[in-house]
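# give me a model of this one.
(chains A and B)
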Amino acid sequence: MESFIPLVQDNLDSVLWFQPEMALTFGTLLLFVIDLFWRKSPARVAYLTTGAAAVLGLTAVLLARQPSDATPLFNSLLANDAFANFFKWIFLGAGGLTIFVAAQGKDFPPSRIGQFYALLMAIVLGMFMMASAIDLIMIYLSLELVSVVSYVLAGYRKGDRKAAEGSLKYVIYGGVASGVMLFGMSYLYGLTGTTNIVEMAARVEALQTTGASLAATKIALVVAIVFVTAGIGYKVAAVPWHMWCPDVYEGAPTPFTAFLSVGPKAAGFALALRFFHSAFAGPPAPETGFAEALGGIPWPAVIGVVAAVTMTLGNLTALGQTNLKRLLAYSSIAHAGYTLMGVSAMSDLGTKAVMIYMLVYLVMNVGAFVVVILVAEATGSESILDYKGLARRHPVAAIAFTIFLFSLTGLPPFAGFVGKWYLFYAVWERVYTPGGGWYAVLLLIGALNTAISLYYYVRIVRAMFIDEPNVAHPPAITARAGYEILLGLSSAATIVFGLWWPYVDWAQASVRIFRG
Amino acid sequence: MFFFNEGNVLSWATFFPLVGATAIVVLLAVKYLANLSKRAMDEASRWIALVTSGLSFAAAIAAWTMFDSGKATVQLEQHFVWIRAFNIEYYVGVDGLSISMVLLSGLISFVATIASMPWWSGTKAAEMAGMHDDGHDDPHHPKHFSIRMVPGYMVMLLLLQTGMMGTFVALDMFLFYVFWEVMLLPMYFLIGIWGGPRKEYAAIKFFLYTLAGSVLMLLAIIGLYYNSAPFALVDGTATAHTFNLVELARQGQAGQFGRAGAILGFDFGKLAFVCLFIGFAIKIPMFPFHTWLPDAHVEAPTPISVILAGVLLKMGIYGILRFNYPILPEATEWAAGALAVFGVINIVYAAFVCLGQTDLKKLIAYSSVSHMGFSLLGMAAMTPAGISGAVLNLFTHGIISPMLFLIVGVIYDRAHHRDIGKFGGLAQELPEYSAMMGLAFFASLGLPGLAGFISEFMVFSGAFPVFTTYTIISAMSVIITAAYYLWAIHRMFLGKLNPAYKGYPDLNWRERLSLYPLGALAIVLGFYPQAILGVINTTLHALIQNLRPL
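Predicted structure coming up:
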């Protein structure tokens, strides 16, 4: 009984640090309740949107008040640290932008938009916990929370075949991936006797040297790591776990696609970084710990290969796409590949590069999807053919899209270049480490991929500015002012963040991952 | 100019066009609010472009007058910390090499801006060129580029000018790369929107080639930064690495990058050299990376061809002399032989290709490839005459080839084709035009007394002691150059007048305004090359002081 009291005490103390998540939890429930009222009111969407925005706003206020010093919470289920907070801001940004876009659009009928908001809050909550989970059970639960709700929202469009196909694929892939991950976790628990990934680091290290039957231990470790990586790889849509991505992106309502491409992806990377840096890189040498051939396998090189294959396959497949949402899906696979370069660097600089990349990716990719929504509402089509002549039909959208696309390519002076610069530099830094020569090859592949990706991004630019429209004089598009404001702001941010880098200092301050 | 001083003149030269571009964008917003007529908007953006481009040129001249050519050091510096998080500075300045390019860039930009106007054309010439706006958009008969989407064109042209000028004055590696890439986007649109029939293909080819080169360059830049020795920012903050090109050159001379560790068994210096070199070689363009150039030139509107030939091609050689030569001296000596070989291939191969051209613009495009080979050969020799000749060749080619493209533009505006074989006897109908074309052709083929001769002669005399065989081969190709030019003159201007061209108007004032200054310079530099040599010699001779081809 006496040993029980400190556990309770710790849980009670932790609640103080858990305010943003609690706001989201109650917000989700509250939105479900609000959804029951004003069923016929014309202002229904406005009420619900205000409610959702208020929940996110309150969460933001609480998050801003949150001390960022590293603390384990709830008996080491979660960790509060600056690293997690950085990602939480990205999630809030993604959620807020999605709500803003969804409220304007036609994707969500007023009768069902309340559900969407409530479920979206639930995903944001899941991502919050993914970013700070330091326990296998918590990792699994938060991942599942994000996944299960995503399955529902991916199939939100009732009676739409593509939505049904995408959603079903998502469920099947997701189910297999999380099953595999859970299986890997069970091995890890069996080997180390703990579910806490911070404690795990030391025990894994002990296993390496003192394991009773070393060969068997090593094999089990390798299997465990591969399986856990599969679960994470599925979340970030890395090859070979990417197959769900284009179908889900195409079938889901576009605002939610935009959210999927930035939110859960960033959460997946947060999880990957924390997992690899905490569980397998003990305090003695965090910089090189993981590189020390855990189980006899050069893990950074394995991740490097996955990165190279992911970006190359994503880019090459994107070359042939004509549906904009599918094209952006393959482009997001390619970007997952670039970002994995930062993970494979296994250094603080690599972590920082991933954080920066996810932040700029949020700005430019959501912007790109807003243009897709805007055009789809006017033409009812997501085909690249219907972007012909967009420069004359809606110049603002065309110019903004051009900025986003060049930023996605990674050209200066846009923000995408800053992200790419840090990723490349993080990889470069490792070239001279012992056995790090392959990093130079990875860099070369990354650089050439940039040139490949230009081709399909510019194809869109060409359609908008150079190609003649399908019909002689297509009418001008009048878009909702909300879209135009959002496009203006995000394209301005894409340029400003390319020339002025305050967020780099912020990432620098948040780079240290909680290691006990 | 009263507000230019030594600390800001280069920034003015760089950012005047950007100010103009911003003004046009603001004006576009005003247009929507205040219902300005399209005509007023077009005229206003033309004036803004002309004035800001002119101011940029004025700043370039001011910089040239302030420059002390007796010193080999960097002058007219402006220097402050830009992005502290990565030790990036805003650092501009010029030495003898870059001041010549700044001057050229300012001049050619201004000429190209004049050539972008539909003004002062004379009624008949304007009508033949299709320069009057009847308000109709017919995709099959596109309007003259000078009256199509004018504000957009001017914004792109001005952005391009900022990018070019910035590339020549940047002395921070990162800043250089930003300007270098900033040039790509407007160029893509200028070719892609306002170009000829195969504009899409030409524009994307240009973009892909250049980007492929510049990502390799990016890797080399990151590597150079990473391997550089500690230095300090301008405000005194100590840094572990540096982007400062002046400091990098100093460290390179001291062997910093020759000592850097090998990567996968390859020497870092050589790898960096190759990556940078490919990036620059695509821009030169050097065989076998030259195939984007004929397409881009043929499809681009005249003023853009002028800028391409006059300034953009110079960036390749400039980059090699700014990066490879000073920062990687060991690798440069190692690669000198290859540079010379590629130079010879450029000279000879492109000259032969010229012989086979029927499209006048393509002929001139390939002749640019050929002429850039002289620069490669001259700089590979690493002798004072060779390297000065190489850079002088940049300048003279930068005067002559814009002239040639303007001349092509004149006849294309009237005849709407460029097929050399279909003309004939034009000298009778267009005497003034024929005279200008003769001047440009003779200057380009290296007639003594005109600008091209001096630089070719210097290259040959500089390269002869080092690469005797190559020089002899290259010098022989001058005969081919003469052949294709003279043959073109023969087919186009001499003989009986083709009756189809009866009554064609001769040069109008816009064409005179852009052609005569260049023609005058081609003659002046033929007699007085010292105007440029005096500025560049000190810097260049210091650059090759310790270099010898292996």
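
# any idea of the mean pLDDT for stretch B:379-387?
Predicted confidence along stretch B:379-387 averages 93 (mean pLDDT).

# show me which positions of that stretch end up buried.
Using 16 or more other Cβ atoms under 10 Å in any protein chain shown as the burial criterion, the residues of stretch B:379-387 that qualify are B:379-383, B:385-387. Backbone N, C-alpha and C define where each C-beta goes, glycine included.

# tell me how far that stretch is from the chain's mean position?
Put simply, stretch B:379-387 sits 21 Å off its chain's centre (Cα atoms, centre = their mean, to the nearest Å).

# quick one: the strands in the chain, in order.
No chain specified, so I'll use chain A. In chain order, chain A shows strands spanning A:71-73, A:78-80, with DSSP state E as the criterion.

# meant chain B, my bad for not saying
Taking DSSP E to define them, one finds strands in chain B at B:75-83, B:88-94, B:231-232, B:238-239.

# can you list the residues of the stretch 251-400 of chain B near chain A?
Contact residues, the stretch 251-400 of chain B versus chain A (Cβ under 8 Å from any Cβ of the partner chain): B:261, B:263-265.

# most neighbours among these, which one is it?
When these are compared by neighbour count (other Cβ atoms under 10 Å in any protein chain shown), residue B:263 ends up highest, at 20 neighbours.

# hmm, that residue is touching residue A:428, no?
No: in this structure residue B:263 lies outside contact range of residue A:428 using Cβ atoms under 8 Å: 10.1 Å.

# can you tell me which residues in chain A are near chain B?
That would be A:406, A:409, A:411-413, A:417, A:421, A:424-425, A:428-429, A:431-432, A:437-438, A:440-441, A:443-444, A:447-448, A:450-451, A:454-455, A:458, A:461-462, A:465-468, A:500-501, A:504-505, A:508, which are the residues of chain A within reach of chain B (Cβ under 8 Å from any Cβ).

# out of these, which end up buried?
Once neighbours are counted (16+ other Cβ under 10 Å), the buried part of the residues of chain A next to chain B comes down to A:406, A:409, A:411-413, A:417, A:421, A:424-425, A:428-429, A:431-432, A:437-438, A:440, A:443, A:447-448, A:450-451, A:454-455, A:458, A:461-462, A:465-467, A:501, A:504.

# among those residues, which are in helices?
Secondary structure defined by DSSP state H assigns A:406, A:409, A:417, A:421, A:424-425, A:428-429, A:431, A:438, A:440, A:443, A:447-448, A:450-451, A:454-455, A:458, A:461-462, A:465, A:504 of these to helices.

# got the contact list for residue 393?
As the question left the chain open, I've gone with chain A. Contact criterion Cβ atoms under 8 Å, 6 or more residues apart in numbering or on different chains gives A:378, A:469, A:474-477 as the residues in contact with residue A:393.

# you looked at the wrong chain, it should be chain B
Residue B:393 makes contact with B:371, B:374-375, B:378, B:455-456, B:458-459, according to Cβ under 8 Å, 6+ apart.

# could you tell me how many residues sit around the nearest residue to it once chain neighbours are set aside?
Nearest non-adjacent residue to residue B:393, counting by Cβ to Cβ, 6 or more residues apart in numbering or on different chains: residue B:455, 3.8 Å away. Residue B:455: 29 surrounding residues under other Cβ under 10 Å.

# touching, residue B:455 and residue B:387? I think so.
No: here residue B:455 does not reach residue B:387: they are 11.5 Å apart, not a contact under Cβ under 8 Å.

# ok so, going back, return the most buried member of the strands of chain A.
strand A:78-80 (a mean of 24; mean count of other Cβ atoms under 10 Å in any protein chain shown).

# got the phi/psi numbers for residue A:394?
Its backbone dihedrals place residue A:394 at phi -150, psi 80, with angles given as degrees, to the nearest 10.

# I'd say it and residue A:370 touch.
No: using Cβ under 8 Å, residue A:394 makes no contact with residue A:370, being 12.0 Å away.

# between those two, which one's more packed in?
residue A:370 (30 against 24).

# for whatever residue of the stretch 1-150 of chain A ends up closest to chain B, which non-adjacent residue is closest in space?
When Cβ to the nearest Cβ is the measure, the stretch 1-150 of chain A has its nearest residue to chain B at residue A:86, with 15.3 Å between them. Using Cβ to Cβ, 6+ apart and skipping residues adjacent in sequence, the residue nearest residue A:86 is residue A:510, 4.0 Å away.

# for residue A:335, same thing?
Residue A:335 sits nearest to residue A:361 (Cβ to Cβ, 6+ apart), 6.2 Å away.

# where does chain B dip in pLDDT?
Across chain B, the stretches falling below the confidence threshold (pLDDT under 70) are B:1-2, B:132-142.

# which residues are there in it that come within reach of chain A?
Listed as neighbours of chain A in chain B under the rule Cβ under 8 Å from any Cβ: B:83, B:85-86, B:139, B:177-178, B:181-182, B:184-185, B:188-189, B:192-193, B:199-200, B:203-204, B:207-208, B:211-212, B:215-216, B:218-219, B:222-223, B:225-226, B:261, B:263-265.

# are any of those residues buried, and if so which?
For these, buried by 16+ other Cβ under 10 Å: B:83, B:86, B:177-178, B:181-182, B:184-185, B:188-189, B:192-193, B:199-200, B:203-204, B:207-208, B:211-212, B:215-216, B:218-219, B:222-223, B:225-226, B:263.

# inside helices: which ones of those?
Going by DSSP H, the helices hold B:177-178, B:181-182, B:184-185, B:188-189, B:192-193, B:199-200, B:203-204, B:207-208, B:211-212, B:215-216, B:218-219, B:222-223, B:225-226 from these.

# name the helices or strands packed onto the helix-or-strand element of chain A with minimal mean pLDDT?
Counting by mean pLDDT, DSSP states H and E, chain A has its least confident helix or strand at helix A:197-210, which shows a mean of 78. Counting contacts by 3 or more Cβ pairs under 8 Å, 6 or more residues apart in numbering or on different chains; DSSP states H and E, helix A:197-210 is packed against helix A:161-192, helix A:214-236.

# hey, which of these is tucked in deepest?
Comparing the helices and strands packed on helix A:197-210 by mean neighbour count (mean count of other Cβ under 10 Å), helix A:214-236 comes out on top with a mean of 20.

# who does that one touch, helix- and strand-wise?
In this structure, helix A:214-236 packs against helix A:136-154, helix A:161-192, helix A:197-210, helix A:254-274, helix A:324-345, with contacts taken as 3+ Cβ pairs under 8 Å, 6+ apart.

# so residue B:244 bridges to which residues?
According to DSSP bridges, the residues that bridge with residue B:244 are residue B:172.

# residues contacting it?
Residue B:244 is in contact with B:89, B:91, B:171-173, B:231, counting by Cβ under 8 Å, 6+ apart.

# which of those residues sit farthest apart?
With distance counted by Cβ to Cβ, no two of the contacts of residue B:244 lie farther apart than B:171 and B:231, which are 13.2 Å apart.

# what about the two, which has more around it?
When residue B:171 and residue B:231 are compared on other Cβ under 10 Å, the one with more neighbours turns out to be residue B:171, at 27 against 18.

# quick check: phi and psi on the more buried one?
The phi and psi values for residue B:171, taken as degrees, to the nearest 10, are phi -120, psi 10.

# look up how far chain A lies from residue B:443.
Distance, residue B:443 to chain A, using Cβ to the nearest Cβ, to the nearest Å: 36 Å.

# so residue B:437 is in contact with residue B:488, correct?
No: in this structure residue B:437 lies outside contact range of residue B:488 using Cβ under 8 Å: 9.0 Å.

# comparing these two, which residue is more hemmed in?
residue B:437 (27 against 23).

# any low-confidence regions in the stretch 201-350 of chain A?
Low-confidence segments of the stretch 201-350 of chain A, defined by pLDDT under 70: A:210-213, A:281-296.

# top helix in chain B by residue count?
With DSSP H applied, the helix covering the greatest number of residues in chain B is identified as helix B:384-415.
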